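S.K.: Quick one: sequence plus predicted model below, questions after.
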Amino acid sequence: MVIFCGRIRDLFWRRPQTRKGYADLSDQREDFYNRRMYRRIHDCYNRPISSAPGAWIDVMNRTDIDGTAMSQNLEVIGGTRRCLNLGSYNYLGFAAADEYCTPRVLDTLNEWGVSTCSSRTEGGTTSIHVELEQLVADFLGKEDAITFGMGFATNAASIPALAGPGTLVLSDSLNHTSIVAGVKASGATVKVFRHNDMAHLEKLLRFHIAEGQPRTHRPWKKVIIVVEGIYSMEGETTLLPELVALKKKYKAYLYLDEAHSIGCMGAHGRGLCEHAGVNPADVDVLMGTFTKSFGSAGGYIAGSKQLIAYLRRHCPAHLYATSMAPGVAQQIISAIQLLQGQDGTNRGAAKIKQLHDNANYFRRRLLDMGLHVLGDWDSPVMPIMVYHLCYISGISRRCLQRHIAMVVVGFPATALLQSRCRVCISASHTKEDLDYALEVIYDICSKMGLQYNMRQLPWPWSWLRMLLWPPSSSPPSLYSKSSKGKSSNWLQLLLGGSGLTNGSKVAAGKAQPLVTAAA
């Protein structure tokens, strides 16, 4: 309906014309989305904060455009709102001050300053950078590693150095934009396989290896499979053992992006290889970022000494970009040392265990509510599917009113009718924090009718339920138990309550996949 009304309005709207002889700078389809759809909900995005991104953050107040003209600009009006942070990638809680990491970072800033003001090849390599790269290599079980000052550029600049004309790249359909940008810049031939579909990947491998390069049919110079460890918009892990088997069978290289899985997957936080029981030597290129689990910035590539030496000679992000700030590098070093127990405590292992417990508890409770939740167990990323674009504004605004800061995602990051809310769990969240968030999410989603997995009632009973529990209040007994351990409201169960409580059990395995949810 929003699209239809927008098309009608466009009949009476004159598009600004560019200068004669010049092409349009923007795509007309995306321009329509910006004018007729995004401007209605743009207050749900780009919210500024004024605190460290810990378990709770201070969100700055801006102009309220809910129910007003959609063209109104957003301005900071003063004041903040204290909100539970469900949006930051602060998986292990290192983003805020830490008793072990923070003093070491401050000492490094006093000694080395804020920036090296130089690239790595000129005057930007310090003893801290050398220590960091050796520590990363040892942590991942690789021979060597190279670090960069920006996570996005790690993919965007490294892939063109590894692939080029005559290279066949097979990329997962849901790979991150940085991978897409890197593959495009490389000039390699790219074939996209369906998300986590190993049968489709093998079909493409078999056909294109036999077919060879376009026109000449010469053998490919190299074949590279590019996947992610955890997909940031789905929360799903890649099928790493199956990928390793395929890459060995067809003599291909495997490039694994662990931006969201390093630090938070595996018993010791060493990423998807540890989580899936795969030898790191079977993955040719391990890529990751320090912006999530380690509370810092930048990225890395880990692999053989030959691979890293080649990148140091050919990767533009290493040759020309300013090197990582010494304080940023020290934060990563301290976080990895903490995970390895070099501080003399078990705080690092406790953080990883707490993250897994929090993530699995929150995921199970969301599934109990009847919501469509994507992703795998132990994954801290949990997309809640709302599908229609109009729902994300209602959820985002109502969550903010009730002091919940949660990210909503729509087009163009996802398909137009696959909008979602994305929850990111942290080890710094307490059980009370999670229970409060669950209560708010249940209240909002039940009123908006987003419990797609909930048992549907015939209309007479749904009307009766509406009379007994109007939308102004949610049944408090959904998460409560009586002294006998059963739901304290049997009538609610009769009229369509889920009847699942804190102690409910969900079969271990994969959560509801996107295809099944849509179906």
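M.R.: All right, it came through fine.

S.K.: Would you map the helices across the stretch 251-400 of the chain?
M.R.: Remark: helices assigned in the stretch 251-400 of the chain by DSSP state H, counting those that start in this stretch are 272-276, 305-314, 316-319, 326-339, 347-368, 389-401.

S.K.: what about the stretch 401-519 of the chain, any weak spots by pLDDT?
M.R.: By pLDDT under 70, the weakly predicted segments of the stretch 401-519 of the chain are 455-519.

S.K.: List the contacts of residue 206.
M.R.: Residues in contact with residue 206 (CB atoms under 8 Å, 6 or more residues apart in numbering) are residue 250. Any C-beta I mention is one placed from the backbone N, CA and C, and that applies to glycine too.

S.K.: if I've got this straight, it is in a helix?
M.R.: Yes - assessed by DSSP: H, G, I helix; E, B strand; the rest coil, residue 206 belongs to a helix.

S.K.: Look at it and report its pLDDT.
M.R.: Residue 206 is assigned 97 on the pLDDT scale.

S.K.: Now do it against residue 249, distance only.
M.R.: Applying CB to CB, to the nearest Å, the value for residue 206 to residue 249 is 10 Å.

S.K.: how about the helices of the stretch 251-400 of the chain in a markdown table, adding distance to residue 261 and mean neighbour count?
M.R.: Shown next, in a markdown table, are the helices of the stretch 251-400 of the chain (distance: least, CB to CB, whole Å; neighbours: other CB atoms under 10 Å):
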| stretch | distance to residue 261 | mean neighbour count |
| --- | --- | --- |
| helix 272-276 | 5 | 22 |
| helix 305-314 | 20 | 15 |
| helix 316-319 | 22 | 20 |
| helix 326-339 | 14 | 24 |
| helix 347-368 | 12 | 20 |
| helix 389-401 | 26 | 19 |
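
S.K.: export the ones you listed to CSV and tack on distance to residue 418?
M.R.: Output for the helices of the stretch 251-400 of the chain, formatted as CSV (distance: least, CB to CB, whole Å):
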stretch, distance to residue 418
helix 272-276, 24
helix 305-314, 36
helix 316-319, 32
helix 326-339, 34
helix 347-368, 18
helix 389-401, 10
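
S.K.: right, and these - which one's nearest residue 32?
M.R.: helix 389-401 (13.1 Å; CB to CB).

S.K.: For that closest one, name the packing helices and strands.
M.R.: Judged by 3 or more CB pairs under 8 Å, 6 or more residues apart in numbering; DSSP states H and E, helix 389-401 is in contact with helix 39-41, strand 407-409, strand 419-424, helix 431-448.

S.K.: Run the chain-centre distance for the last one.
M.R.: So the one you mean is helix 431-448. Centroid separation for helix 431-448 versus its chain: 21 Å, with CA atoms, centre = their mean, to the nearest Å.

S.K.: What residues of that helix count as buried?
M.R.: Across helix 431-448, burial judged by 16 or more other CB atoms under 10 Å covers 433-434, 436-446.

S.K.: Equivalent analysis for the first one, please.
M.R.: For helix 39-41, a neighbour-count test (16+ other CB under 10 Å) marks 40-41 as buried.

S.K.: Remind me what it packs against, helices and strands.
M.R.: Helix 39-41 packs on helix 389-401, going by 3+ CB pairs under 8 Å, 6+ apart.

S.K.: can the buried residues of helix 431-448 go into TSV with extra columns for distance to residue 222?
M.R.: What follows is these, written out as TSV (distance: CB to CB, whole Å):
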residue	distance to residue 222
433	47
434	46
436	51
437	46
438	48
439	53
440	50
441	46
442	50
443	53
444	50
445	47
446	52
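
S.K.: For residue 142, state which of those residues is nearest.
M.R.: residue 434 (35.1 Å).

S.K.: what sits against the nearest residue to the closest one once chain neighbours are set aside?
M.R.: Excluding its sequence neighbours, the residue lying closest to residue 434 (CB to CB, 6 or more residues apart in numbering) is residue 362, at 5.4 Å. Shown in contact with residue 362 (CB under 8 Å, 6+ apart): 382, 423, 425, 434, 437-438.

S.K.: coming back round to it: out of the helices of the stretch 251-400 of the chain, flag the one nearest residue 142.
M.R.: Nearest to residue 142, of all the helices of the stretch 251-400 of the chain, is helix 305-314, at 8.6 Å by CB to CB.

S.K.: how far is that closest one from where the chain is centred?
M.R.: 29 Å.

S.K.: Show me what that helix is packed against.
M.R.: strand 144-148, helix 151-162, strand 299-303.

S.K.: for the ones you listed, which one ends up most surrounded?
M.R.: strand 299-303 (a mean of 28; mean count of other CB atoms under 10 Å).

S.K.: Compute the inter-axis angle for it and helix 326-339.
M.R.: 60 degrees (axes from the mean of the first three to the mean of the last three CA atoms, to 10 degrees).

S.K.: Strand 299-303 versus helix 151-162: what angle between them?
M.R.: Using the same axes, to 10 degrees: strand 299-303 against helix 151-162 is 40 degrees.

S.K.: Strand 299-303 versus helix 305-314: what angle between them?
M.R.: Calculated by the same axes, to 10 degrees, strand 299-303 forms an angle of 140 degrees with helix 305-314.

S.K.: Would you give the sheet partners of strand 299-303, along with the direction of each?
M.R.: strand 144-148 (antiparallel), strand 285-289 (antiparallel) (DSSP bridges).

S.K.: Mean confidence (pLDDT) on the last one, please.
M.R.: Put plainly, it is strand 285-289. 97.

S.K.: Touching that strand from outside, list them.
M.R.: By CB under 8 Å, 6+ apart, strand 285-289 touches 140, 142, 151, 154-155, 158, 162, 229, 253-259, 261-262, 271, 273, 280, 298-303, 307.

S.K.: one more time with 7 Å
M.R.: Strand 285-289 is contacted from outside by 140, 142, 151, 154-155, 253, 255-259, 262, 271, 280, 298-303, 307, using CB atoms under 7 Å, 6 or more residues apart in numbering.

S.K.: With stretch 147-163 instead?
M.R.: With CB under 7 Å, 6+ apart, stretch 147-163 has contacts from 129, 132-133, 136, 169, 178-179, 181-183, 185-186, 188, 224, 257, 259, 287, 289, 291, 298-301, 311, 314-318, 321-324.

S.K.: Quick one, grab the pLDDT at residue 40.
M.R.: According to the model, residue 40 scores 80 on pLDDT.

S.K.: start the count at 836, not 1, going forward
M.R.: Right, with 836 as the first residue, what we last looked at is residue 875.

S.K.: ok, back up a step: JSON lines for the helices and strands packed on helix 1140-1149, including mean pLDDT?
M.R.: Shown next, in JSON lines, are the helices and strands packed on helix 1140-1149 (pLDDT from 0 to 100):
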{"stretch": "strand 979-983", "mean pLDDT": "97"}
{"stretch": "helix 986-997", "mean pLDDT": "96"}
{"stretch": "strand 1134-1138", "mean pLDDT": "98"}
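
S.K.: one step back: just the pLDDT for the residue nearest to residue 1269.
M.R.: pLDDT, residue 1197: 97.

S.K.: can you pull out the strands in the stretch 986-1135 of the chain?
M.R.: For the stretch 986-1135 of the chain, applying DSSP state E, counting those that start in this stretch gives strands covering 1002-1007, 1024-1028, 1057-1063, 1088-1092, 1120-1124, 1134-1138.

S.K.: most tightly surrounded among these?
M.R.: Per stretch, and counting mean count of other CB under 10 Å, the top mean among these goes to strand 1134-1138, which has a mean of 28.

S.K.: got the angle for it vs strand 1088-1092?
M.R.: 150 degrees.

S.K.: can you list contacts of strand 1134-1138?
M.R.: By CB under 7 Å, 6+ apart, the residues outside strand 1134-1138 that reach it are 971-972, 975, 977, 980-983, 985-986, 989, 993, 1119-1125, 1143, 1146.

S.K.: go with 6 Å
M.R.: 971-972, 975, 977, 980-983, 986, 989, 993, 1120-1124 (CB atoms under 6 Å, 6 or more residues apart in numbering).

S.K.: Ok, stretch 1232-1241 next?
M.R.: For stretch 1232-1241, contacts defined as CB under 6 Å, 6+ apart pick out 892, 894, 901, 918-922, 1256, 1272, 1275, 1279.
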